[in-house]
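Trainee: This is a predicted model, with the sequence first.
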Amino acid sequence: MPSPRTQAPRGELLRQLGFFSSTALVISNMIGAGIFATTGIMAGDLGSGKLILACWAVGAVFADPNVDLVLCTLLAPGNADFAEFGELMRRLRNSHAKPVVVVIYGGDARQRWTAGLEGASIPVFPTTRAAVRAVALMAEATE
């Protein structure tokens, strides 16, 4: 129980944090520091605020316990260079144990990104319609 408020001597702070307040403060500082440190590392690697937000969003979707399957639809412009794409998708799939289906639209980068997923047990489809139909057939077969 916090001690009653008293006037601190000049130049000193009041010491009124209890056990629970102190614990909450330490936990929030650790989480906040982790978020800022991770974002800084991501900024160095990705170089784009939009990519950082996209990665956080994808991670949130994978971590959500109410999500049973992840369908990623990506646009791969011809000059897109994302060599780590396959490794990122493998890591996300393995760490969250959720089925992943990927749709990649685009030209030359589409072939590179698809090749990066070889052997990852992640099916790649040319259109969203084809992916959704395949997932629907899978769901029907398991019922």
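Mentor: Received the coordinates, thanks. Bear in mind the structure is a predicted one, so any value in this text is a computation, not a measurement.
Trainee: give the contact list for residue 67.
Mentor: 61, 98 (CB atoms under 8 Å, 6 or more residues apart in numbering). (C-beta placed from N, C-alpha, C; glycine too.)
Trainee: Check for me that it belongs to a helix.
Mentor: No - residue state for residue 67 (DSSP: H, G, I helix; E, B strand; the rest coil) corresponds to coil; a helix is not indicated.
Trainee: mind starting the numbering at 6 from now?
Mentor: Happy to do that; since the first residue is 6 now, the last one works out to residue 72.
Trainee: Number of residues surrounding residue 111?
Mentor: Other residues near residue 111 come to 16 when the count uses other CB atoms under 10 Å.
Trainee: Residue 112 versus the spatially closest residue to it that is not a sequence neighbour, what's the distance?
Mentor: Distances taken as CB to CB, 6 or more residues apart in numbering place residue 81 nearest to residue 111, at 3.3 Å, with adjacent residues excluded. From residue 81 across to residue 112, the span is 7 Å (CB to CB, to the nearest Å).
Trainee: So for the two, which residue has more residues nearby?
Mentor: A count of neighbours by other CB under 10 Å puts residue 81 above the other of residue 81 and residue 112, at 20 against 11.
Trainee: residues touching the residue nearest to the spatial centre of the chain, list them.
Mentor: With distances taken as CA atoms, centre = their mean, residue 64 lies nearest the centre of the chain, 1.6 Å away. Counting by CB under 8 Å, 6+ apart, residue 64 makes contact with residue 97.
Trainee: Against residue 93, how distant is it?
Mentor: 10 Å.
Trainee: again with residue 131
Mentor: The gap separating residue 131 from residue 93 is 21 Å, by CB to CB.
Trainee: could I have stretch 99-117 exported to PDB, CA atoms only?
Mentor: The C-alpha trace of stretch 99-117 is given here as PDB (Å, rounded to 0.1, in the frame of the first residue of the first chain):
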ATOM      1  CA  ASN A  99       7.400 -22.500 -38.900                       C
ATOM      2  CA  SER A 100       7.200 -20.200 -35.800                       C
ATOM      3  CA  HIS A 101       3.400 -19.900 -35.900                       C
ATOM      4  CA  ALA A 102       2.500 -23.300 -37.300                       C
ATOM      5  CA  LYS A 103      -0.300 -21.900 -39.500                       C
ATOM      6  CA  PRO A 104      -1.000 -22.800 -43.200                       C
ATOM      7  CA  VAL A 105       0.200 -20.200 -45.600                       C
ATOM      8  CA  VAL A 106      -1.000 -19.600 -49.200                       C
ATOM      9  CA  VAL A 107       0.700 -17.000 -51.300                       C
ATOM     10  CA  VAL A 108      -0.500 -15.200 -54.500                       C
ATOM     11  CA  ILE A 109       2.300 -13.300 -56.300                       C
ATOM     12  CA  TYR A 110       1.400 -10.900 -59.200                       C
ATOM     13  CA  GLY A 111       4.200  -9.500 -61.300                       C
ATOM     14  CA  GLY A 112       6.900 -10.200 -63.800                       C
ATOM     15  CA  ASP A 113      10.500 -11.300 -63.300                       C
ATOM     16  CA  ALA A 114      10.400 -10.800 -59.500                       C
ATOM     17  CA  ARG A 115       7.500 -13.200 -59.400                       C
ATOM     18  CA  GLN A 116       9.700 -16.100 -60.600                       C
ATOM     19  CA  ARG A 117      12.500 -15.100 -58.100                       C
END
